[in-house]
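A.B. asks: Sharing a model that was predicted from the sequence below.
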Amino acid sequence: MKFSVYQLSRQGGRARNEDRMGYCYTREAGLFALADGMGGHPEGEVAAQLSLQTLAGLFQREAQPCLADPQRFLQESLLAAHRQLLRYAGERALADTPRTTMVACVLQGRHAYWAHSGDSRLYLLREGRLLSRTRDHSYAELARTLEPAREPRRNRNVLFTCLGSPGKPVVDGGGPQRLQRGDRVLLCSDGLWGCVDDADIAQALQPSQPLSEAVPALVERALAVAGARADNVTALALQWDAEEDPLHLAVAETAAPVPFASTFQPPDFSPSADDGFDDEDIERSIREINEAIRRSTQRRTK
């Protein structure tokens with residue numbers, strides 16, 4: 001399995017960046033995910049980070065070295081992340097639960113699988129043409145689907161589901177999509193797609209433009225369009241079986257064994273026959289998240 005990847009997040013005009021992203025892989029499977037912590041609810045950055053760490057921990061445990069059922073893994077992992085947010089809020093007696101949107105993609109064999117909850121999007125492109133994208137879990141998208149010719153009046157930011165919501169979240173999946181050499185996948189927060197339309201995203205991600213140039217250009221364009229009130233803008237893009245700048249190349253075909261590599265920094269989940277999380281692992285993960293946030297806050301206030 002061979003792919004190139006480039007990821008970038010910019011804060012925009014918000015008080016803090018609550019977006020999180022990352023990827024991890026074995027020799028035969030890769031997981032890519034992005035979460036956008038929701039404003040208006042407590043600790044959005046915790047919601048995004050804890051959700052990503054939950055996915056990464058499960059991937060590390062189950063990809064040995066590939067997943068038995070990638071789509072089932074994505075569905076169950078997003079729901080597991082949702083349960084961790086409810087648990088986090090309950091143990092701290094929070095008046096409201098931290099919430100986040102999430103989109104995740106698995107590459108395995110020559111296929112892509114994906115799942116999402118909320119309005120963080122996945123785009124699948126081939127030679128600059130849009131093959132597929134996720135449909136937002138928003139009332140605006142729902143109205144557009146029901147009445148395509150009519151412009152929705154609802155605010156596009158009003159969602160009817162997300163991770164951490166009081167009820168069981170909606171998790172939609174896609175794939176398997178067989179990949180061809182040069183196919184590109186983009187995961188992004190609404191800070192990007194809300195300012196750059198689908199046609200322009202497809203144009204920007206044509207194969208002639210390296211990811212290391214296309215992704216920063218897209219992010220900067222979204223920030224420029226939004227101006228001083230820009231949302232956080234986060235994008236993670238990958239190209240299947242690509243040959244690009246080695247600095248941005250993540251290759252599972254290496255001379256040395258690659259049992260597991262990650263940019264998520266997940267907790268240390270040891271493989272076991274137990275289907276659930278180990279309590280000590282989860283508590284350690286939460287402590288690590290809180291400590292990282294505390295240090296980040298201290299640095300910003302100095």
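C.D. replies: Looks like it arrived, so ask away.

A.B. asks: rest of the way, CA atoms for contacts and neighbours
C.D. replies: Will do.

A.B. asks: what residues are up against Leu186?
C.D. replies: Going by CA atoms under 8 Å, 6 or more residues apart in numbering, Leu186 touches 121-124, 235-238.

A.B. asks: same check, this time on Leu78
C.D. replies: Per CA under 8 Å, 6+ apart, neighbours of Leu78: 51, 55, 102, 116, 163, 171.

A.B. asks: what's the answer for Leu52, then?
C.D. replies: With contacts defined as CA under 8 Å, 6+ apart, Leu52 is in contact with 20-22, 33-35, 81, 264.

A.B. asks: I'd like the next helix or strand past the host helix or strand of it.
C.D. replies: Under the criterion of DSSP states H and E, Leu52 resides in helix 44-62. As assigned by DSSP H and E, the chain's next helix or strand after helix 44-62 is helix 70-91.

A.B. asks: how much does that following helix deviate in direction from helix 44-62?
C.D. replies: Using axes from the mean of the first three to the mean of the last three CA atoms, to 10 degrees, the direction of helix 70-91 lies 130 degrees away from that of helix 44-62.

A.B. asks: and helix 70-91, what's its mean pLDDT?
C.D. replies: Per-residue pLDDT over helix 70-91 has a mean of 96.

A.B. asks: gap between it and the chain center?
C.D. replies: Relative to its chain's centre, helix 70-91 lies at 14 Å (CA atoms, centre = their mean, to the nearest Å).

A.B. asks: Please pull up the helix or strand immediately following that helix.
C.D. replies: Counting by DSSP H and E, the element after helix 70-91 in chain order, helix or strand, is strand 100-108.

A.B. asks: what's in contact with the helix or strand following that next one?
C.D. replies: With elements assigned by DSSP H and E, the helix or strand that comes after strand 100-108 is strand 111-117. Strand 111-117 has contacts (CA under 8 Å, 6+ apart) with 70-71, 74-75, 78, 101-107, 122, 134, 136-137, 161-163, 169-179.

A.B. asks: Determine which residue lies closest to the centroid of this structure.
C.D. replies: With the centre of the chain defined as its mean C-alpha position, the nearest residue by CA atoms, centre = their mean is Leu34, 1.5 Å away.

A.B. asks: which residues does that one bridge with?
C.D. replies: Partner residues in beta bridges with Leu34, using DSSP bridges, are Met21, Val103.

A.B. asks: Let me see the contact set for Met10.
C.D. replies: Actually, residue 10 is Arg. It isn't Met. Taking CA under 8 Å, 6+ apart as the test, what Arg10 contacts is 17, 219, 232-234.

A.B. asks: what about 6 Å?
C.D. replies: Residues near Arg10 by CA atoms under 6 Å, 6 or more residues apart in numbering: 232-233.

A.B. asks: any idea how far Ala56 is from it?
C.D. replies: Counting by CA to CA, to the nearest Å, the gap between Arg10 and Ala56 amounts to 23 Å.

A.B. asks: again, but for Leu85
C.D. replies: Between Leu85 and Ala56 the computed distance is 15 Å (CA to CA).

A.B. asks: between the two, which one's more packed in?
C.D. replies: Ala56 (28 against 23; other CA atoms under 10 Å).

A.B. asks: Local confidence estimate at that one?
C.D. replies: In this model, Ala56 is scored at 94, pLDDT.

A.B. asks: do Gly182 as well
C.D. replies: With respect to pLDDT, Gly182 scores 94.

A.B. asks: Confirm that it sits in a strand.
C.D. replies: No. Counting by DSSP: H, G, I helix; E, B strand; the rest coil, Gly182 falls outside a strand, being coil.

A.B. asks: And it, how far from Ser4?
C.D. replies: 10 Å.

A.B. asks: sorry, back to before: which one of the contacts of Leu78 sits in the busiest neighbourhood?
C.D. replies: Neighbour counts for these, by other CA under 10 Å, peak at Leu163, which reaches 34 neighbours.

A.B. asks: is it possible to export the contacts of Leu186 to JSON lines including secondary structure?
C.D. replies: As requested, the contacts of Leu186 are exported to JSON lines (three-state DSSP):
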{"residue": "Arg121", "secondary structure": "strand"}
{"residue": "Leu122", "secondary structure": "strand"}
{"residue": "Tyr123", "secondary structure": "strand"}
{"residue": "Leu124", "secondary structure": "strand"}
{"residue": "Ala235", "secondary structure": "strand"}
{"residue": "Leu236", "secondary structure": "strand"}
{"residue": "Ala237", "secondary structure": "strand"}
{"residue": "Leu238", "secondary structure": "strand"}
